[in-house]
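1. coordinates only, sequence not included:
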């Protein structure tokens, strides 16, 4: 297990599942949570799952980290994808939880080699599909 600066360990499964998403595209998304002083995989999205499935997996009142493999077409109609890292910290989350997630984020993100775009969201409008589309170019 890797250890982050905030004292939060990163479970080896986090990096393993991320590598599967990045290289084999076996997951559409991964949702991570902090539990008992370590970051673990909470939910895996199958490749056929949609953006709506992804957002439905994020709790309305708790912080999470997530990675989403976003497919899109360029202006020349070429299919591409970008790997987004999302720090989900809703306004309704407990202050302590927000602090723990904020202090662990950068170190955890560095463990996931291949993140292309980062988003921070406190409500669903800050990570809508329109936001994803605006950040890929």
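-> Arrived safely, thanks for sending. Everything numeric here is computed off the predicted structure, so don't read it as measured data.

2. Pull out the buried positions in the helix ranked longest in the chain.
-> For the chain, the longest helix by residue count, based on DSSP state H, is helix 95-111. Judged by neighbour count (16 or more other Cβ atoms under 10 Å), helix 95-111 contains these buried residues: 97, 98, 100, 101, 104, 105, 107, 108, 109. For glycine as for every other residue, the C-beta is placed from the backbone atoms N, C-alpha and C.

3. In terms of secondary structure, what does it contact?
-> Helix 95-111 sits against strand 9-10, helix 12-19, strand 29-35, strand 64-73, strand 79-88, with contacts defined as 3 or more Cβ pairs under 8 Å, 6 or more residues apart in numbering; DSSP states H and E.

4. Show the average pLDDT along the first one.
-> Per-region confidence: strand 9-10 scores 94 on mean pLDDT.

5. residue farthest from the centroid of the chain?
-> Taking Cα atoms, centre = their mean as the measure, the residue most remote from the mean C-alpha position of the chain is residue 76, 28.0 Å away.

6. Check the offset of the longest helix of the chain from the chain's centre.
-> The gap between where helix 95-111 is centred and where its chain is centred comes out at 12 Å by Cα atoms, centre = their mean, to the nearest Å.

7. Give me the contacts around that helix.
-> If you take Cβ atoms under 8 Å, 6 or more residues apart in numbering as the criterion, helix 95-111 is touched by 2, 4-6, 8, 10, 14-15, 32, 34, 39, 62-65, 85, 87, 89, 115, 118.
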